[in-house]
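In: attaching a predicted model along with its sequence, questions to come.
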Amino acid sequence: MTTSELDSRAAAPDPLRRLAERLPRPLRFLGVGALGLMTDVGVFTAIHLRFEQPLLVRLVSLAVATLVTWRLNRALTFDASGRRQHEEAMRYAAVTAVAQGVSYAVFAALVLSVLHWFPQAALVAGAAIAAVFSYWGHRLFAFAPQTTAFAPPAPGHRSTK
């Protein structure tokens with residue numbers, strides 16, 4: 001393959017991104033969330049079969065699912081924020097800490113009471129409630145477009161104070 005062919009392939013938009021952009025952002029978020037939830041449940045179930053400590057196992061599965069959803073949300077759900085990837089990751093981590101804290105609290109309350117026999121159902125319930133926090137936090141903070149510094153009013157602009 002020649003250099004110009006490689007350059008044209010690199011410049012072509014990713015077909016998965018093009019397909020995802022046809023869907024409204026909330027549907028893209030739900031799709032990524034579904035993949036994250038499948039990751040979360042799969043990792044949780046696989047580890048829980050060996051270690052019967054659901055509260056500890058959930059911390060591991062939550063961490064793996066968070067990495068998956070961060071990369072997919074960054075690639076498919078939200079537009080580029082204009083921030084460096086490290087800064088965006090820190091903002092994502094802050095929002096995710098709140099959302100996953102909600103998810104874990106719901107999970108723990110349910111698994112320690114009524115759903116101790118079916119922890120995966122407690123996991124799904126916690127994830128569903130946390131999804132609302134997560135979407136708005138990521139949309140309005142983690143992936144929000146970077147704004148420019150305060151600009152003074154244009155000449156001739158009168159203050160309404």
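Out: Cool, got the structure.
In: now Q100: closest residue in space, sequence neighbours ignored.
Out: Nearest non-adjacent residue to Q100, counting by Cβ to Cβ, 6 or more residues apart in numbering: L62, 5.5 Å away. (Each C-beta comes from the backbone N, C-alpha and C, glycine too.)
In: again, but for E88
Out: Leaving aside its sequence neighbours, E88 sits nearest to S81 (Cβ to Cβ, 6+ apart; 5.6 Å).
In: give me phi/psi at that neighbour?
Out: Main-chain torsions, S81, degrees, to the nearest 10: phi -90, psi -20.
In: in contact with it, which residues?
Out: By Cβ atoms under 8 Å, 6 or more residues apart in numbering, the residues touching S81 are 88, 142-146.
In: pLDDT of the helix or strand where V64 lies, averaged?
Out: Here V64 sits within helix 54-72, counting by DSSP states H and E. Helix 54-72 shows a mean pLDDT of 93.
In: before we move on, back to that, count the residues that sit near the residue nearest to Q100.
Out: Counted with other Cβ atoms under 10 Å, the burial measure for L62 works out to 24 neighbours.
In: from T39, how far out is it?
Out: Using Cβ to Cβ, to the nearest Å, we find L62 at a distance of 10 Å from T39.
In: below-threshold pLDDT in the protein: ranges please.
Out: Low-confidence segments of the chain, defined by pLDDT under 70: 1-13, 148-161.
In: longest helix anywhere in it?
Out: Determined from DSSP state H, the single longest helix within the chain is helix 85-111.
In: for that helix, which residues meet the burial criterion?
Out: For helix 85-111, a neighbour-count test (16 or more other Cβ atoms under 10 Å) marks 88, 91-92, 95-96, 99-100, 102-104, 106-107, 110-111 as buried.
In: again, but for stretch 69-86
Out: Neighbour counts over stretch 69-86 (16+ other Cβ under 10 Å) mark 69-70, 72-74, 76-78, 81, 83 as buried.
In: between those residues, which is closest to Q53?
Out: The shortest gap between Q53 and any of the buried residues of stretch 69-86 belongs to T69, at 23.8 Å (Cβ to Cβ).
In: wait, isn't the closest one in contact with A34?
Out: No: at 9.9 Å, T69 does not count as touching A34 under the criterion of Cβ atoms under 8 Å.
In: make CSV out of the buried residues of stretch 69-86 and add distance to L123.
Out: Listed next are the buried residues of stretch 69-86 as CSV, based on distance: Cβ to Cβ, whole Å:
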residue, distance to L123
T69, 15
W70, 19
L72, 19
N73, 20
R74, 24
L76, 23
T77, 22
F78, 25
S81, 30
R83, 31
